[in-house]
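Colleague: What would the 3D arrangement of this be:
(3 chains)
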Amino acid sequence: MKNFISIDDISDFNSLIDESISIKKNPFKYSHLGEKKAIGLIFFNKSLRTRLSMQKAAEMIGLKCFVMNFNNEGWNLEFENNAIMSTDKAEHIKEAAMVLSQYCDIIAIRKFPDLQNKDEDESEKILNSFIKYAEVPIINLESSIAHPLQALADAITIREHKKNVKPKIVLSWAPHPNPLPHAVANSFVKMVKRIDAEFVITNPVGYNLNSKITDGVTVTHDQNQAFKNADFIYAKNWSSYDKYGQVITKDKNWMIDNDLMSKTNDAYFMHCLPVRRNFVVADDVLDSGKSIVIKQAQNRIYSSLVVLKRILENEK
Amino acid sequence: MKNFISIDDISDFNSLIDESISIKKNPFKYSHLGEKKAIGLIFFNKSLRTRLSMQKAAEMIGLKCFVMNFNNEGWNLEFENNAIMSTDKAEHIKEAAMVLSQYCDIIAIRKFPDLQNKDEDESEKILNSFIKYAEVPIINLESSIAHPLQALADAITIREHKKNVKPKIVLSWAPHPNPLPHAVANSFVKMVKRIDAEFVITNPVGYNLNSKITDGVTVTHDQNQAFKNADFIYAKNWSSYDKYGQVITKDKNWMIDNDLMSKTNDAYFMHCLPVRRNFVVADDVLDSGKSIVIKQAQNRIYSSLVVLKRILENEK
Amino acid sequence: MKNFISIDDISDFNSLIDESISIKKNPFKYSHLGEKKAIGLIFFNKSLRTRLSMQKAAEMIGLKCFVMNFNNEGWNLEFENNAIMSTDKAEHIKEAAMVLSQYCDIIAIRKFPDLQNKDEDESEKILNSFIKYAEVPIINLESSIAHPLQALADAITIREHKKNVKPKIVLSWAPHPNPLPHAVANSFVKMVKRIDAEFVITNPVGYNLNSKITDGVTVTHDQNQAFKNADFIYAKNWSSYDKYGQVITKDKNWMIDNDLMSKTNDAYFMHCLPVRRNFVVADDVLDSGKSIVIKQAQNRIYSSLVVLKRILENEK
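Modeller: Got it, this is the predicted structure:
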């Protein structure tokens, strides 16, 4: 593996899941791989799970970890080619990426979308500039359109909990007070397409995800119908993709509660966290024995670890 | 030791001091205890001594250290049960604490009181929520009502400097421009009660500490009288406890100066730092050979180290 | 080496460059020197290269690294002697420096000038207070008047690229939208004086650097003349030193472009970064094969490493 930007960067998805589950049993086994090397974690946005799970995975594989909150610790970056840099932007991404490559053997970046302009967000300016200019592998810690480390952790968690060969997995939109990105949902969709599953997406009218990503997946606006016989309910809010970045509805009927869960095949409840209690999901679902959100968070360590392993092995 | 929240969590106080002084001679002796483990340092407030002394102690015992300034690096936390999370709070403490427990083997937290509402502060919402929901040991890096790592460092420092079996120790209120918490004073009182000492607290009228904590201790408003024959003067400001969080007086007569110190038995001067020069204590006292404030700061390493040792041993 | 504050702290400049180039071949050779020790990196200003290159060098030499952004993580510091600390400054530098000395075996500090008051800036209050009060070696990570780790990295880079015994080196002022410090230029001048080179400084009228530092060096206002036969062009903006901190001109003719570079002896282009593209230097110069700015950034690791080595060896 060279970079890890998207689920598409994994050629052998199911064997990578096997490998993740194997590494989880002996997570310090590959601690020689990171020896004398360092990973730079570059944050343009807040982070709890991603920051700490990657720090833990880095420790396990023997990498030093340099964490930078770029907004307040680094220089404002210019991204345009041929720019005359006369404003508040003190450093061009080209130099920043090349310089970071001198100090870090891997660079991992988090940059959320602004949800103002679809084309702008989908251009993934920061992430793609790092890919273009950096001289070392790049890991996506959640960009405008993808959060593959989360989806990989979700795949591990599903593998660990599934009771039948081909479980029914439902990705359900849920209400949220604020406009949220599509990255988690996008990567979840791409991931489920790679595993053996019956897959249904359910969301209100106006909330269909990018059809290029959901191509071939059943999408229904009937949440109750979608939940029938489900083995896994993955709840997630996202803002409208068509009316880009807008909150069209906060319809509370879409909140995941016990009534909805009762329609499933005693399904597990999943969410990437952080989650708004009693807005996205009712307390009694989140606090039930069927909620595996903390297992997902735990598996963030192992999705990061297996990606680091693949990248470091490739570098040798 | 399971958690370290208060001086009360130490069952064998004097043998813990013995152990601290012993560890100080060979501080890397227990570096295997933290192997492959990590401590998360979660700051909701500023920190210099606490942050760095804990990082140093973690290094000594072989723990990786993940530092998070939660206010600007993490998500706003909701603490209420049954809350409908529709406001600016993106994550419930329950998830945050459980998730942190996946990445950290110990969680250490600093959260000062707001000094607006006594009941609110004394509920220790954040600290107690972590204790309730986290799956790993919790260390208090200074909460609304306690700063036990400081008090333990103070106990080590007193042990190292005392010249007689039962020294006279005076906790003296001193003026300060701003309203300060009671945590350091509270834990100091609890600590001195556990060691062999003659103990006097002196403060102006209206500044008595929580009587449940000072129960059984001599409290006098006559600072001059209190200082007589003292072996240790521990200066500290705190805001009024009765008129909660208020600054009733900044009476400069209460500032610790050479005139006051001359009434003592050539006492050592102590303060937890940071300290306001020439407001809390005069330069010539702080700069004198009897000032042991830097020794106290040094011993913060060893109070942290012995607590980490006890917790890690208990985990095995 | 006790402290590393200025190029003047290096007694054997050319042998230090030899040593740097030797260490670069085997950078983990001295990893025992930092064992069980820690360096504190104290930032009062932003940093990318300095922060990460020092973290990397610390890793190489076996030092733990404690990074503090003092403005938002630490207490406001008082620097005046005899101050009555009644304002917003909670801690005196004297205590801060002595306390940091308990936890760190080396303290490294970045504090830029405010460019409002020359005397104030040149007093190097923060840096000199740390030197005065700390009990451990101090490293300058860029102060008001000096950036010696940069100059040392530049010297290594020049050594690696020079084609003749005595290259012609030109330090050229270049335009910038904002007033910038003199630290990089000052240390570069001091460094070039220590190596075998023909040295010319060129800057507009009103932009002469501190004459005490440039004493003995050719200074010309004719940039075209200066560039003739140059082997190395080092571009840097600085604000006026005479009209202290002012931007007198942003004359675009001074921007380094291919036309100017064509007058040289196929010179290498150098800059400390971050650099404003198409304001300080044209894209085609910065992107050309003669630009060695990334090599300079890489050598920041080795200038830091050799300084850490010298300091740690001295401590033993």
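
Colleague: Let's see the distance spanning stretch A:134-153 from one end to the other.
Modeller: 26 Å (Cα to Cα, to the nearest Å).

Colleague: try stretch A:96-112
Modeller: 19 Å.

Colleague: Does that stretch reach chain C?
Modeller: Yes. Under the criterion of Cβ under 8 Å from any Cβ of the partner chain, chain C is reached by stretch A:96-112 at A:96, A:98-100, A:102-104. All C-beta spots, glycine's among them, are computed from the backbone N, C-alpha and C.

Colleague: swap in stretch A:30-48?
Modeller: Yes. Using Cβ under 8 Å from any Cβ, stretch A:30-48 comes into contact with chain C via A:36, A:38, A:40.

Colleague: For residue A:18, state which of the residues of stretch A:96-112 next to chain C is nearest.
Modeller: residue A:104 (29.2 Å; Cβ to Cβ).

Colleague: Verify the contact between that closest one and residue A:136 for me.
Modeller: Yes. Residue A:104 sits in contact with residue A:136 when judged by Cβ atoms under 8 Å, with a separation of 6.2 Å.

Colleague: who has more neighbours, those two?
Modeller: residue A:104 (27 against 23; other Cβ atoms under 10 Å in any protein chain shown).

Colleague: what's the nearest residue to the residue of chain A at minimum distance from chain B if we skip its chain neighbours?
Modeller: Relative to chain B, the nearest point of chain A is residue A:274 (3.4 Å; Cβ to the nearest Cβ). Closest residue to residue A:274 apart from its sequence neighbours, by Cβ to Cβ, 6 or more residues apart in numbering or on different chains: residue B:91 at 3.4 Å.

Colleague: Also residue A:54?
Modeller: According to Cβ to Cβ, 6+ apart, the nearest residue to residue A:54 is residue A:304 (4.9 Å).

Colleague: these two touch, right, residue A:311 and residue A:5?
Modeller: No. The criterion here is Cβ under 8 Å, and residue A:311 misses it with residue A:5 at 11.6 Å.

Colleague: Run through the strands of the stretch 201-316 of chain A in chain order.
Modeller: In the stretch 201-316 of chain A, the strands defined using DSSP state E, counting those that start in this stretch lie at A:218-220, A:232-236, A:268-270.

Colleague: quick one: residue A:225 and chain C, what's the gap?
Modeller: 51 Å (Cβ to the nearest Cβ, to the nearest Å).

Colleague: again, but for residue A:25
Modeller: Taking Cβ to the nearest Cβ, one finds residue A:25 at 29 Å from chain C.

Colleague: Pull the number of nearby residues for that residue.
Modeller: Using other Cβ under 10 Å: residue A:25 sits among 8 other residues.

Colleague: can you check residue A:27 too?
Modeller: Residue A:27 - counted by other Cβ under 10 Å - has 17 other residues nearby.

Colleague: Need phi/psi at it.
Modeller: phi -70, psi -20 (degrees, to the nearest 10).

Colleague: same thing with residue A:55?
Modeller: phi -60, psi -40.

Colleague: how far away is it from residue A:268?
Modeller: 27 Å (Cβ to Cβ, to the nearest Å).

Colleague: Which positions in the stretch 201-316 of chain A make contact with chain B?
Modeller: A:273-279, A:283, A:293-294, A:297-298, A:300-301.

Colleague: between those residues, which is nearest chain C?
Modeller: Among those, and counting by Cβ to the nearest Cβ, the member closest to chain C is residue A:301, at 22.1 Å.

Colleague: Could you check the pLDDT of that closest one?
Modeller: pLDDT, residue A:301: 98.

Colleague: what's the answer for residue A:316, then?
Modeller: Note on residue A:316: pLDDT of 63.

Colleague: now swap in residue A:87 and tell me
Modeller: 88.

Colleague: same question, residue A:75
Modeller: pLDDT, residue A:75: 85.

Colleague: from what I can see it touches residue C:273, true?
Modeller: No. Assessed by Cβ under 8 Å, residue A:75 is found out of contact with residue C:273, at 9.3 Å.

Colleague: Quick check: neighbours shared by these two?
Modeller: residue A:91 (Cβ atoms under 8 Å, 6 or more residues apart in numbering or on different chains).

Colleague: Compare neighbour counts for these two and give me the winner.
Modeller: Between residue A:75 and residue C:273, counted using other Cβ under 10 Å, the more crowded position is residue C:273 (22 against 19).

Colleague: In chain A, which residue sits nearest chain C?
Modeller: Closest point on chain A to chain C, by Cβ to the nearest Cβ, is residue A:91, at 3.4 Å.

Colleague: residues shared between the contacts of residue A:311 and residue A:5?
Modeller: With Cβ under 8 Å, 6+ apart as the test, residue A:311 and residue A:5 both reach residue A:139.

Colleague: residue ranges of the helices in chain A, please?
Modeller: A:13-25, A:49-60, A:70-73, A:93-103, A:118-122, A:125-133, A:148-161, A:183-194, A:211-214, A:223-227, A:258-261, A:283-286, A:293-315 (DSSP state H).

Colleague: quick one: which of the ones you listed is nearest residue B:288?
Modeller: Closest approach to residue B:288 among the helices of chain A is made by helix A:70-73 (39.7 Å; Cβ to Cβ).

Colleague: Going by neighbour count, which residues of the closest one are buried?
Modeller: Across helix A:70-73, burial judged by 16 or more other Cβ atoms under 10 Å in any protein chain shown covers A:70, A:73.

Colleague: Could you give the separation of it from the chain centroid?
Modeller: Here the centre of helix A:70-73 is set off from its chain's centre by 22 Å, with Cα atoms, centre = their mean, to the nearest Å.

Colleague: repeat for stretch A:70-77
Modeller: 23 Å.

Colleague: And for stretch A:120-128?
Modeller: With Cα atoms, centre = their mean, you get 16 Å for stretch A:120-128.

Colleague: how about the CA coordinates for that stretch, as PDB?
Modeller: Written as PDB, here are the backbone C-alpha positions of stretch A:120-128 (Å, rounded to 0.1, in the frame of the first residue of the first chain):
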ATOM      1  CA  GLU A 120     -14.500  22.900  -3.800                       C
ATOM      2  CA  ASP A 121     -15.000  20.200  -1.200                       C
ATOM      3  CA  GLU A 122     -14.800  17.400  -3.600                       C
ATOM      4  CA  SER A 123     -11.500  18.700  -5.000                       C
ATOM      5  CA  GLU A 124     -10.000  17.700  -1.700                       C
ATOM      6  CA  LYS A 125      -7.500  20.500  -2.100                       C
ATOM      7  CA  ILE A 126      -5.500  19.900   1.000                       C
ATOM      8  CA  LEU A 127      -5.400  16.100   0.900                       C
ATOM      9  CA  ASN A 128      -4.600  16.000  -2.800                       C
END
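
Colleague: Lovely, talk soon.
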